[in-house]
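# structure of the sequence below:
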Amino acid sequence: MQFKSTVISNQEVSPGYFRMRMTAPPELAGSQPGQFIMVRVRDAIDPLLRRPFGIFDVGVAESEFPGLGAATYLEMLYKVVGKGTEALSGYHHGDHVDVIAPLGAGFDLGDPEEEKILVGGGIGIAPLYYLAKTLVQHSRVRFFLGGRTRDDILCVTEFERLGVETYVSTDDGTLGDRGLVTEVMERHIRENRSRKTLYACGPMPMLKAVAEIAQRTATPCQVSLEAYMACGMGACLGCVVKGKEHSDETPDYRCVCKDGPVFAFDQLKWV
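Numbering: from 1, shown residues only. Below is the predicted model of the structure:
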């Protein structure tokens, strides 16, 4: 659905990273973890295209606007990287944004008896909080969070408040373990042989490493891809990735926005 949303808050949670909460229609409370939204930053030609953002959280809380009572809210987590997100960072309480949501295919929550392993890199944690919030109702959840430096480690306290066991690593060792988050995660998988499913979102090199670990350890794995999008609905074909059967003779492409953004790792071609 397309709707006008009112900004409730827009807080900088780490240098260059923002968490925006906005109003949403009640129907959005039924969104699946892993789905995304498309936001029109301004009612102007520049920037022209909407921007895609993973759904960080959806819920119902007492409204901060007088007389509304309990109301549905939507949250997104974003990093300032260009003109669109820079404009968003200047939004304040009471400002309005135009939103299309929910879009795409979300995560399969799997068997409640399995342990759930979440792996996120930097802003890639955006869709994993709502996933964790849903999974902890039935399953044990561990979260492996990585970044280049401590400034790229976001919202650890929020995950811990859900009851999620959280592990942090940074490339430079400024917070948590030193090294790649995938190395820390693989050690846990090999040391704990209980049935588990992996869920990952982050930069493509990290996702490729997660997919290789899933292959080596025979662990079910779902990945949420990040991609530039123009429409968010599969019409423009601007966000295609190669499917597992792709070759020069038999092209196999998947739209991240429509077929994903969540895929089983073995449905994609990683080379």
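# end to end, how far does stretch 157-167 reach?
Across its full length, stretch 157-167 reaches 12 Å end to end, with CA to CA, to the nearest Å as the criterion.
# pLDDT on it, on average?
In this model, stretch 157-167 has an average pLDDT of 96.
# go through it and flag the buried ones.
E158, F159, L162, V164, T166, Y167 (16 or more other CB atoms under 10 Å). Bear in mind the C-beta positions are built from the backbone N, C-alpha and C, glycine included.
# ditto for stretch 262-269
By neighbour count on 16+ other CB under 10 Å, the buried set for stretch 262-269 is V262, F263, F265, Q267, L268.
# neighbours around G146, how many?
By other CB atoms under 10 Å, 29 other residues sit near G146.
# for the stretch 151-271 of the chain, which segments are assigned as strands?
In the stretch 151-271 of the chain, the strands defined using DSSP state E, counting those that start in this stretch lie at 165-170, 177-178, 196-201, 221-224, 240-242, 253-255, 262-264.
# okay, those in TSV with distance to A70 next?
Listed next are the strands of the stretch 151-271 of the chain as TSV, based on distance: least, CB to CB, whole Å:
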stretch	distance to A70
strand 165-170	30
strand 177-178	41
strand 196-201	30
strand 221-224	30
strand 240-242	40
strand 253-255	36
strand 262-264	30
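# indicate which one of those is closest to G104.
Comparison of the strands of the stretch 151-271 of the chain against G104 by CB to CB identifies strand 262-264 as nearest, at 7.4 Å.
# which residues are contacting the closest one?
34, 104-108, 220-225, 254 (CB atoms under 8 Å, 6 or more residues apart in numbering).
# that older thread, to G232, which of the strands of the stretch 151-271 of the chain lies closest?
Relative to G232, the nearest member of those by CB to CB is strand 253-255, separated by 9.8 Å.
# what pLDDT, on average, does that closest one get?
Along strand 253-255, the predicted confidence averages to a pLDDT of 94.
# so how far is it off the chain centroid?
Its chain's C-alpha centre and that of strand 253-255 lie 19 Å apart, by CA atoms, centre = their mean, to the nearest Å.
# what of stretch 87-104?
Stretch 87-104 has its average C-alpha position 17 Å from the chain's average C-alpha position, going by CA atoms, centre = their mean.
# could you do stretch 72-79 as well?
Taking CA atoms, centre = their mean, the mean C-alpha location of stretch 72-79 is offset from the chain mean by 11 Å.
# what distance separates the start and the end of stretch 62-80?
End to end - CA to CA - stretch 62-80 spans 29 Å.
# buried residues, it. List them.
Neighbour-count burial for stretch 62-80 flags S63, A71, T72, Y73, L74, E75, M76, L77, Y78, K79, V80 (criterion: 16+ other CB under 10 Å).
# out of the residues you listed, which is nearest to R19?
L77 (5.2 Å).
# partner strands of the strand or helix carrying the closest one and their direction?
L77 is part of strand 70-79 when elements are defined by DSSP states H and E. Under the criterion DSSP bridges, strand 70-79 sits next to strand 17-23 (antiparallel), strand 57-62 (antiparallel) in its sheet.
# residues in contact with the longest one?
Under the criterion CB under 8 Å, 6+ apart, residues 5-13, 56, 63, 65, 71-80, 85, 88-89, 91, 97, 99, 123, 151, 154-155 lie in contact with strand 17-23.
# try 7 Å
Judged by CB atoms under 7 Å, 6 or more residues apart in numbering, the contacts made with strand 17-23 from elsewhere in the structure are 5-13, 56, 71, 73-80, 88-89, 91, 97, 123, 154.
# right, I'll leave it there.
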